[in-house]
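*Asks:* This is a predicted model, with the sequence first.
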Amino acid sequence: MAAQPLSFRRVLSANVVALAPAYGALAGLYAWGALAGRPALIAGAGVTVVTVLLVQRYLGSLARFARFVSELSDVQEPVMPRLSFAPATEELASAAATLAMGWRRQRASIDNLAASAQAIVDGLPDPLIALDRQRRVVRTNIAARALLGAIAAERDLSMTMRHPELLAAIDALLETGADGNFTGPDQTAIEIVLSGAPELDVIVHARRLPRAAADGSLALLVLHDTTALRRAERMRADFVANASHELKTPIAGLAGFIETLRGPARDDVAARDRFLGIMAEQADRMRRLVDDLLMLSRIEQHEHARPAGEVDLASVLRGVQDLLQLKAAARKVTVELAIDPSLRKAVGDYDELTIVFQNLIDNALKYAKPSTTVRVAAQPAGDDQVAVAVSDEGDGIPAAHLPRLTERFYRVDNARSRQLGGTGLGLAIVKHVVNRHRGRLDIQSLPGKGSVFTVTLPSV
């Protein structure tokens, strides 16, 4: 602990205060005649020298004590100074050191409790946001940051969640009367929809604490994701409506053919063979329809959960090409792959991406003109994306139909689609898989020229 020189003003004032009683006593003795002038001056000089030395040492002890106390707030504990010339100061330094040690232990305990509390909050599966009295964000957990992104502390909640009904409910929760007491209920629940791809249905449970916490938290928001539940309800309703609508025609056809085979065509071999062939086609159509509906339901149920695997798109596309090679040959269409050597892996699910490109290439084969080429080009799209474009040389799609192509059971040409074995669900499946992968589907088409379906996906 390096010693620093004392200021002249402090030394002078301390010496004046210490010498004043002695000078007063000598002056009194001289005035009463008890002490001659010369001895009085000699005594005054001696007292001055001794006092100055004593005051200098005492001030040095006080200065070391002051530095020791100021250093107690540092991370490392300072060395206890030797203050033997001022025993009272040494006792004070010892007491201050004991107090500082207790304060350090208390601070470490508080830090451990705060870290444990944050670890518990971060371990909660549901997003949690703590707000202060002014509706500013105080604390968030990992789930909240994953859902809403990084939320700066001391920032008003309205900068992150722009939902008037939620903000109004929180304001009512924190509203106080003229007496300073809260006037509203201490808890509430609000249903909101978080925008994005895909949208999320969320119930926000808001609760006011009995008193503000040490960090200023007064209200807690817990966001419970009900997307899967809502989608399951909608999927059940959609499945019943869509299935009943699409299955009605083939079931009616099967019933009619069965009735005919039981009656007039009972003994007509040629008619029976023809009817059985049609019945087999209708049964196969129903099977494809049910398979596509079930696949779409499974994909929609998990659409909010983003896959995290690494997929080699070149392998996916070559596998789909091999799978559809016979169909392409039957229609006299060539499938041409163009894969950029610098193509990176995509973030996603291998099986689902296989379904996407199988549907797109299969559609291109169905609607391509004979003796033409279906081109599949895969290449990087920026620093963190890859794009796969599937183009055909078919009749194209009128612009008015493009916005609705990914709707369930939407067909530009119903008769042709059914004749080619389409269920009307292929592009709906593609859309939902691409949404789950946080990608994008772009459709371009010119009547008489052909169509281009481009899927853009995040890359590794």
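*Replies:* On my side now, so go ahead.
*Asks:* For this structure, just list every one of the helices.
*Replies:* Ranges of helices in the chain, per DSSP state H, are 8-32, 37-71, 87-123, 142-148, 164-174, 227-262, 269-301, 313-323, 325-330, 350-367, 414-419, 426-436.
*Asks:* Quick one: mean pLDDT for the third one?
*Replies:* This points to helix 87-123. For helix 87-123, mean pLDDT is 72.
*Asks:* Start the count at 49 instead of 1 going forward.
*Replies:* Let's use 49 as the start, then, which means that last one is helix 135-171.
*Asks:* So which other helices or strands are in contact with it?
*Replies:* Contact analysis of helix 135-171 by 3 or more CB pairs under 8 Å, 6 or more residues apart in numbering; DSSP states H and E lists helix 85-119 as its packing neighbours. For the C-beta atoms, the positions are set from N, CA and C on the backbone; glycine is no exception.
*Asks:* Also the first one?
*Replies:* In terms of contacts (3+ CB pairs under 8 Å, 6+ apart), helix 56-80 is packed against helix 85-119.
*Asks:* mind listing what's buried in the helix it packs on?
*Replies:* 88, 91-92, 95, 99, 103, 106-113, 115-117 (16 or more other CB atoms under 10 Å).
*Asks:* quick one: that helix to helix 56-80, angle?
*Replies:* With axes from the mean of the first three to the mean of the last three CA atoms, to 10 degrees applied, the angle from helix 85-119 to helix 56-80 works out at 150 degrees.
*Asks:* just the angle between helix 85-119 and helix 135-171, please?
*Replies:* 10 degrees.
*Asks:* Now do helix 85-119: distance to the chain's middle.
*Replies:* Distance of helix 85-119 from the chain centroid (CA atoms, centre = their mean, to the nearest Å) equals 67 Å.
*Asks:* average model confidence for that helix?
*Replies:* In the prediction, helix 85-119 has an average pLDDT of 76.
*Asks:* Check stretch 390-400 too.
*Replies:* 89.
*Asks:* Need the distance between the two termini of that stretch.
*Replies:* 23 Å (CA to CA, to the nearest Å).
*Asks:* That one: which residues count as buried?
*Replies:* Buried positions in stretch 390-400, judged by neighbour count with 16+ other CB under 10 Å: 391-398, 400.
*Asks:* ditto for stretch 348-355
*Replies:* So, applying 16+ other CB under 10 Å, buried residues of stretch 348-355: 348, 351-352, 355.
*Asks:* Now tell me what touches that stretch from outside.
*Replies:* 246, 248, 273, 275-276, 279-280, 283, 395-397, 400, 480, 483-486 (CB atoms under 8 Å, 6 or more residues apart in numbering).
*Asks:* And stretch 208-215, by the same measure?
*Replies:* With contacts defined as CB under 8 Å, 6+ apart, stretch 208-215 is touched by 183, 185, 196-197, 199, 205-206, 238, 240, 252, 254.
*Asks:* And the closest residue to A200 other than its chain neighbours, what's its pLDDT?
*Replies:* Sequence neighbours aside, V185 is the residue nearest to A200 in space, at 7.3 Å (criterion: CB to CB, 6 or more residues apart in numbering). pLDDT for V185: 90.
*Asks:* now do G487
*Replies:* Predicted confidence (pLDDT) for G487: 90.
*Asks:* residues near it, how many?
*Replies:* 22 (other CB atoms under 10 Å).
*Asks:* what about the spatially closest residue to it that is not a sequence neighbour, how many neighbours?
*Replies:* Leaving aside its sequence neighbours, G487 sits nearest to L505 (CB to CB, 6+ apart; 4.2 Å). Residues lying near L505 (other CB under 10 Å) number 22.
*Asks:* I figured L505 hits N483, correct?
*Replies:* No. Here L505 does not reach N483: they are 11.3 Å apart, not a contact under CB atoms under 8 Å.
*Asks:* so what's A280 closest to, chain neighbours aside?
*Replies:* Q349 (6.4 Å).
*Asks:* and that neighbour, how far is that from S390?
*Replies:* 36 Å (CB to CB, to the nearest Å).
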